[in-house]
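Novice: My questions are about this predicted structure, shown below with the sequence.
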Amino acid sequence: MRSLANRVTAVTLPAVLLVAAWAGIQYGTGNVHQVAPGLYRSGQLTAERLDGLIRSAGIRSVLNLRGAHPEASWWRDEAAVAARHGVDYRSLAISARSEPDDATMDEVAALVARMPKPLLVHCQGGSDRSGLASAVYELTVAGESPEEAGEQLSLLYGHFPFAGSPTRAMDTAFVRFATRHEAARERVAGDLSPRP
């Protein structure tokens with residue numbers, strides 16, 4: 001039995017270390033990714049990194065999913081950079097550890113649809129809340145399937161909803177939102193179908 005435990009550890013430990021190293025690299029570089037031609041996602045960027053991304057990607061709006069924190073230097077710096085470039089800047093508070101309600105999910109969907117593009121959505125690490133907003137964008141704006149859109153909540157971006165992680169709330173919220181979205185689309189399609 002002990003040799004089986006040693007073999008499991010020998011396989012599991014390197015995998016966990018590899019995932020941790022990948023997440024560390026992503027967080028250390030801002031976890032910046034282009035999701036689609038109109039959407040970027042990231043973690044919290046320094047003022048200099050945000051300025052550079054706005055310039056290089058032509059960012060026209062920023063959706064901060066950490067909420068408004070005028071007392072915090074990161075928020076003031078970010079708002080100042082956005083204002084200097086004439087970028088539309090919005091803040092919406094979402095917790096990565098608790099499931100947003102339907103009204104909040106609908107607000108996310110409205111913001112990612114209406115804000116000028118290219119849009120940057122960000123949270124602290126760029127893995128959980130940014131993944132949720134990116135998945136909503138992929139589903140509602142880009143027209144991807146729920147399965148494809150849900151890939152925005154992935155280990156690739158540092159999202160780890162396993163082993164009892166409270167960030168599983170983002171996956172649950174997206175599934176609930178996608179189910180409502182698909183049901184609404186089916187109702188509309190049914191209403192538009194020709195009558196006999």
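Specialist: Received it, and whenever you're ready, just let me know what you need.

Novice: Tell me where this protein has strands.
Specialist: 33-36, 39-42, 61-64, 88-91, 119-122 (DSSP state E).

Novice: quick one: strands adjacent to the first one?
Specialist: What that stands for is strand 33-36. Sheet partners assigned to strand 33-36 using DSSP bridges are listed as strand 39-42 (antiparallel).

Novice: what's the partner strand in contact with?
Specialist: 30-35, 53, 57, 59, 112, 117-122, 126, 130-131, 133-134, 137, 141-142, 152, 157 (CB atoms under 8 Å, 6 or more residues apart in numbering). Where you see a C-beta, it was placed from the backbone N, CA and C, and this is true even at glycine.

Novice: Can you tell me which of the residues you listed are buried?
Specialist: 30-33, 35, 53, 59, 112, 117-122, 126, 130-131, 133-134, 137, 141-142, 152, 157 (16 or more other CB atoms under 10 Å).

Novice: Dig out what V62 forms beta bridges with.
Specialist: Y89, L120.

Novice: for A36, same thing?
Specialist: L39.

Novice: And for it, the neighbour number?
Specialist: Using other CB atoms under 10 Å, A36 has 15 neighbouring residues.

Novice: Surely it touches G143?
Specialist: No - with contacts counted by CB atoms under 8 Å, A36 stays clear of G143, the gap being 10.3 Å.

Novice: mind putting the strands of the chain in TSV, distance to E147 included?
Specialist: Putting the strands of the chain into TSV (distance: least, CB to CB, whole Å) gives the following:
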stretch	distance to E147
strand 33-36	16
strand 39-42	18
strand 61-64	24
strand 88-91	28
strand 119-122	20
